[in-house]
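Colleague: Model the structure of this input:
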Amino acid sequence: MMTKVTTGLERFIAGSHKPLKNRRIGLLCNPASVDSRLQHAKYLLQQKFPGQLTALFSPQHGLFAEKQDNMIESDDLIDDDLKIPAFSLYGTTRIPTPQMFDHIDTLIIDLLDVGTRVYTFTSTVSYCLEVAAKLNKEVIVLDRPNPVNGIQVEGNCLNLSVSSFVGRYPIPMRHGLTMGEFAAYINQSHNINCDLKIIPMKGWHRRMYFQDTGLPWILPSPNLPTPASAVVYPGQVIWEGTNISEGRGTTLPFEQFGAPFINIEKILSFIKGPKVPGGLLRPVAFEPTSNKWAGQVCKGFQIHVTDPYQFKPYLTSLHLLQAIIFHHNNQFQWKSPPYEYEWEKLPMDMILGNQNIRRQIENIDDIESIRKGWESELNDFLLSARKFYLYE
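Modeller: Sure, this is the predicted structure:
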């Protein structure tokens, strides 16, 4: 039976907030910052605190989530409806400036994260916490579900030698935290010490995938159009560090992947058939309208997840990456810099969070042995992160 989850936004709007009286409020948001009736947070806050909402802030992809790709910047603007400034935190800067925060006393954050280290919204939130701490500004996070649940945690923890905007902290690829839990975790564990409050959800349980919440899915960025694309994303995002299409420029981004040179039969023979734990690989051909291989027919697969609790997106995609390297070494390429404002580090090292894992994949080391190599650091992360769980 589906349980209706009440988001932090809805609980905040329904509550009483005398300490916010006469305080100037900023809102970090995008189109997914809506309640269950699809009303946007900026209108709800304007009604709740008339005249107090004085600035908006937007993450990567823009205030309207209109920017398609990485390193496509958004400009600052004046919001058409509220006539207040809307500052881009993915433009000339990714770190809020003191001048931006001069407009506010309290920053409210209402963003849907997708439970993956490389998704840049958590980096944006971390920078906001750091600047707010320095300037003595209060931060309130309105919590939302982790779309890929809070019990399945997967992957190696980031090695800080390859830290970047797609990973600032030593957390695993699939971290199992809500945005509120993540903010509380880094605020204390990494000594940011911001004046931080979390407004938790009601009715959310850690086993829930997004489709279990009863909430409407509003895509948080252009290439995560459905909950299904979010489920595969913690693994399929690795193709961004290669010349393999991750399905951008098609109607199934991240769910399908491929390149003109891929031999379907060879890849299936390497991974011993189309079945993967909790899923099935269906051979496809597609022609991207933009991005990699635009206008060329790519051969590859769509991942159909049949049991999300058995499906391991990161391990599955590492297996597939290794298969392509093994059979197509002459045509396969790592993406060259720049990537997410790093001009020297190899993009795949930043995405995987560890140079050695990239080398192990290239050397065709056993994937299970690679996984065992990160098991202890993953367990250490779980022990420290569990202290910040807000939900059973």
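
Colleague: phi, psi of the most centrally placed residue in the chain?
Modeller: Nearest residue to the geometric centre of the chain (Cα atoms, centre = their mean): residue 119, 2.8 Å. Phi and psi for residue 119, reported as degrees, to the nearest 10, are phi -70, psi 120.

Colleague: now do the one 5 residues further on
Modeller: The phi and psi torsions at residue 124 (degrees, to the nearest 10) take the values phi -60, psi -40.

Colleague: repeat for residue 106
Modeller: phi -130, psi 130.

Colleague: Repeat that for residue 156.
Modeller: In terms of degrees, to the nearest 10, the main-chain angles of residue 156 are phi -80, psi 150.

Colleague: And for it, the neighbour number?
Modeller: Residue 156: 24 surrounding residues under other Cβ atoms under 10 Å. C-beta: built from backbone N, CA, C; applies to glycine.

Colleague: quick one: secondary structure of the residue lying closest to the residue nearest to the centre of the chain once chain neighbours are set aside?
Modeller: What sits nearest to residue 119 in space, not counting adjacent residues and going by Cβ to Cβ, 6 or more residues apart in numbering, is residue 113, at 6.1 Å. Here residue 113 is recorded as coil under DSSP: H, G, I helix; E, B strand; the rest coil.

Colleague: residue boundaries of the strands in this protein?
Modeller: Assigned strands in the chain, in chain order: 25-28, 53-58, 77-78, 85-88, 106-109, 138-142, 154-157, 172-174, 195-199, 256-259, 275-276, 279-286, 298-305 (criterion: DSSP state E).

Colleague: between those, which one is nearest to residue 37?
Modeller: strand 138-142 (15.6 Å; Cβ to Cβ).

Colleague: show me where pLDDT drops low in the chain?
Modeller: Where the chain drops to pLDDT under 70, the residues are 1-3.

Colleague: Where does the record place the domain boundaries for it?
Modeller: Using automatic domain parsing, the domains assigned to the chain come out as 8-216+384-388, 227-353.

Colleague: one step back: between the strands of the chain, which one is closest to residue 183.
Modeller: Closest approach to residue 183 among these (Cβ to Cβ): strand 138-142, 4.9 Å.

Colleague: which residues touch the closest one?
Modeller: Outside strand 138-142, the residues that touch it by Cβ atoms under 8 Å, 6 or more residues apart in numbering are 7-9, 11-12, 23, 41, 105-110, 125, 128-129, 132, 179-180, 183, 194-199.

Colleague: In the sheet, which strands lie alongside it, parallel or antiparallel?
Modeller: strand 106-109 (parallel), strand 195-199 (parallel) (DSSP bridges).

Colleague: Can you show me the CA trace of that strand as PDB?
Modeller: These are the backbone C-alpha positions of strand 138-142, laid out as PDB (Å, rounded to 0.1, in the frame of the first residue of the first chain):
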ATOM      1  CA  GLU A 138      20.900  30.700   9.200                       C
ATOM      2  CA  VAL A 139      20.200  27.800   6.800                       C
ATOM      3  CA  ILE A 140      17.000  25.700   6.800                       C
ATOM      4  CA  VAL A 141      16.800  22.600   4.700                       C
ATOM      5  CA  LEU A 142      13.300  21.400   3.700                       C
END
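
Colleague: picking that back up, export the strands of the chain to TSV and append columns for distance to residue 225.
Modeller: Below are those laid out as TSV (distance: least, Cβ to Cβ, whole Å):
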stretch	distance to residue 225
strand 25-28	22
strand 53-58	19
strand 77-78	25
strand 85-88	23
strand 106-109	23
strand 138-142	23
strand 154-157	23
strand 172-174	20
strand 195-199	27
strand 256-259	12
strand 275-276	22
strand 279-286	15
strand 298-305	14
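
Colleague: can you tell which of these is closest to residue 244?
Modeller: Nearest to residue 244, of all the strands of the chain, is strand 256-259, at 5.0 Å by Cβ to Cβ.

Colleague: For that closest one, name the packing helices and strands.
Modeller: Counting contacts by 3 or more Cβ pairs under 8 Å, 6 or more residues apart in numbering; DSSP states H and E, strand 256-259 is packed against strand 279-286, strand 298-305.

Colleague: Repeat the analysis, applying 10 Å as the threshold.
Modeller: When contacts are defined as 3 or more Cβ pairs under 10 Å, 6 or more residues apart in numbering; DSSP states H and E, strand 256-259 sits against helix 227-236, strand 279-286, strand 298-305, helix 313-327.

Colleague: deepest of those, which one?
Modeller: Mean neighbour count (mean count of other Cβ atoms under 10 Å) peaks for helix 227-236 among the helices and strands packed on strand 256-259, with a mean of 25.

Colleague: Now do it: distance to the chain's middle.
Modeller: 10 Å (Cα atoms, centre = their mean, to the nearest Å).

Colleague: elements contacting it?
Modeller: Packing contacts for helix 227-236, counted by 3+ Cβ pairs under 10 Å, 6+ apart, involve strand 154-157, strand 172-174, strand 256-259, strand 298-305, helix 313-327.

Colleague: Redo those as JSON lines? Include distance to residue 281.
Modeller: Shown next, in JSON lines, are these (distance: least, Cβ to Cβ, whole Å):
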{"stretch": "strand 154-157", "distance to residue 281": "19"}
{"stretch": "strand 172-174", "distance to residue 281": "20"}
{"stretch": "strand 256-259", "distance to residue 281": "10"}
{"stretch": "strand 298-305", "distance to residue 281": "4"}
{"stretch": "helix 313-327", "distance to residue 281": "8"}
